[in-house]
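>>> missing the sequence, but the structure's below:
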């Protein structure tokens, strides 16, 4: 499971705090930031791969059971208008994270496939 590092306190937290402004270290070792925390100047004149990630959540504990990802397309951020369009697009997703070094933007959505962790079944 990915971990989140609070850069102010250097403390390890579970993934459930992903909607905070902390840096996120995912399974691939990438350092991700919330898109809303990134300024236009950091993205200007760069191309990014857009990747859709659907996290399948347990019906009981609401923690991810699995995730499916797919490449959507590449975009270029050249103007402030491009940046605003990206922020507007991001508003329809549950969470959006960016890896500036690897030029990837992840759009996260949640799905409830009706599955339950075996440990959660025991709790019922």
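Here it is on my side, so go on. The shown structure was predicted, so the numbers you read here are calculated from the model rather than taken from an experiment.
>>> check which helix or strand covers residue 73.
Here residue 73 sits within strand 64-77, counting by DSSP states H and E.
>>> Name the strands paired with that strand and say parallel or antiparallel.
Partner strands and pairing direction for strand 64-77 (DSSP bridges) are strand 46-57 (antiparallel).
>>> And the strands in the chain, which stretches?
In the chain, the segments counted as strands under DSSP state E are 3-6, 11-13, 23-25, 31-34, 46-57, 64-77, 95-99, 104-111.
>>> Give me the residues contacting the strand holding residue 73.
For strand 64-77, contacts defined as CB atoms under 8 Å, 6 or more residues apart in numbering pick out 1, 15, 40, 43-58, 82-83, 86, 105-107, 113, 115, 117. For the C-beta atoms, the positions are set from N, CA and C on the backbone; glycine is no exception.
>>> Can you select the buried ones from those residues in PyMOL?
Restricted to buried positions by 16 or more other CB atoms under 10 Å, the PyMOL selection for the contacts of strand 64-77 reads:
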select buried, resi 43+48+50+51+53+54+55+57+58+83+86+105+106+107
